[in-house]
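A.B. asks: Structure of the sequence below:
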Amino acid sequence: SALRGWLSVKAYSRELVALEMKLAAGDYAHVVAALDTQGPGKLNAQELRLLARARRGQGNWPVLVKLLPWLRKRRVLDAGELEELEYQVWAGVLLAADASQLKQAWNSLPAEQRKQTELLECYGKLLIEQGEDLEAEKTLTKAIKRQWDGRLVAQYGRIRGRDPARRLKQAENWLKAHPEDASLMLCLGRLSLRNDLWGKARDYFETSHRLEASAEACAELARL
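C.D. replies: Numbers count the residues shown, from 1 in each chain. Below you'll find the model as predicted:
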């Protein structure tokens, strides 16, 4: 009985090693076929980890959304790995949505995820790319008011569309509390450009670069 148990463990270990090798080779379908047969509740921690990596390799975000609670509950990943995976999953959900589904996809994210700067930046970028300027302005303004973050401020400066003067005025109001913020200066330079205020834009770009040297500020100055 002990020998049978030992042999069984050895065989199981070999199976896991074989699956690890399949993952390394990019054969995600093989790993999924081997593990995703009984549901995540039947898998141990190591199997769940392998399945999550395979699904991530496939870019199967809807399935990973369902796996996340199990990964969290079973503590399969450390805090940093789980945070990174959650970002990849929810960003994948947003990137997979077309223009008509983007807002619905955003609202499907858990409330806590909709407060994450990286996901707000991703959502804002997609809205701007799809010409949803008013929604982008509304989302980014609300997020910046809740918690100041240079990445979101820089994104705000990329908004196009109607009434750029209003957006410039809004951004200039932020100067009172953040007079030495390089991202805000970059944002103000871009908004000044949209308002055809060339000298003002140059001053803001130069100030941004002086506060924090960046390729973005140089590129904007060259374009100006």
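A.B. asks: For this structure, give me the ranges with low pLDDT.
C.D. replies: 3-9 (pLDDT under 70).
A.B. asks: Show me where it has its helices.
C.D. replies: 2-24, 28-35, 45-58, 61-73, 79-96, 102-108, 117-129, 133-146, 150-156, 164-174, 182-194, 198-211, 215-223 (DSSP state H).
A.B. asks: wouldn't residue 161 be in contact with residue 127 here?
C.D. replies: No. Counting by Cβ atoms under 8 Å, residue 161 stays clear of residue 127, with 10.6 Å between them. (Glycine included, C-beta is placed from N, CA and C.)
A.B. asks: among the helices of the chain, which is the most enclosed?
C.D. replies: When the helices of the chain are scored by mean count of other Cβ atoms under 10 Å, the highest mean neighbour count falls to helix 182-194 (a mean of 25).
A.B. asks: what does that helix rub up against?
C.D. replies: 150-151, 153-154, 156-158, 160, 164, 167-168, 171-172, 174-175, 178, 198, 200-205, 207-209, 211-212, 214, 216-217, 220, 224 (Cβ atoms under 8 Å, 6 or more residues apart in numbering).
A.B. asks: what's the angle from that helix to helix 215-223?
C.D. replies: Angle between the axes of helix 182-194 and helix 215-223 is 20 degrees (criterion: axes from the mean of the first three to the mean of the last three Cα atoms, to 10 degrees).
A.B. asks: gap between helix 182-194 and the chain center?
C.D. replies: 23 Å (Cα atoms, centre = their mean, to the nearest Å).
A.B. asks: what about dumping the CA coordinates of it to PDB?
C.D. replies: C-alpha atoms of helix 182-194 as PDB (Å, rounded to 0.1, in the frame of the first residue of the first chain):
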ATOM      1  CA  ALA A 182       5.700  67.900 -14.600                       C
ATOM      2  CA  SER A 183       2.700  65.800 -15.800                       C
ATOM      3  CA  LEU A 184       0.300  68.700 -15.300                       C
ATOM      4  CA  MET A 185       2.700  71.000 -17.300                       C
ATOM      5  CA  LEU A 186       2.700  68.400 -20.100                       C
ATOM      6  CA  CYS A 187      -1.100  68.200 -20.000                       C
ATOM      7  CA  LEU A 188      -1.400  72.000 -20.100                       C
ATOM      8  CA  GLY A 189       1.000  72.200 -23.000                       C
ATOM      9  CA  ARG A 190      -1.100  69.800 -25.000                       C
ATOM     10  CA  LEU A 191      -4.300  71.600 -24.100                       C
ATOM     11  CA  SER A 192      -2.800  74.900 -25.100                       C
ATOM     12  CA  LEU A 193      -1.900  73.400 -28.400                       C
ATOM     13  CA  ARG A 194      -5.500  72.400 -29.000                       C
END
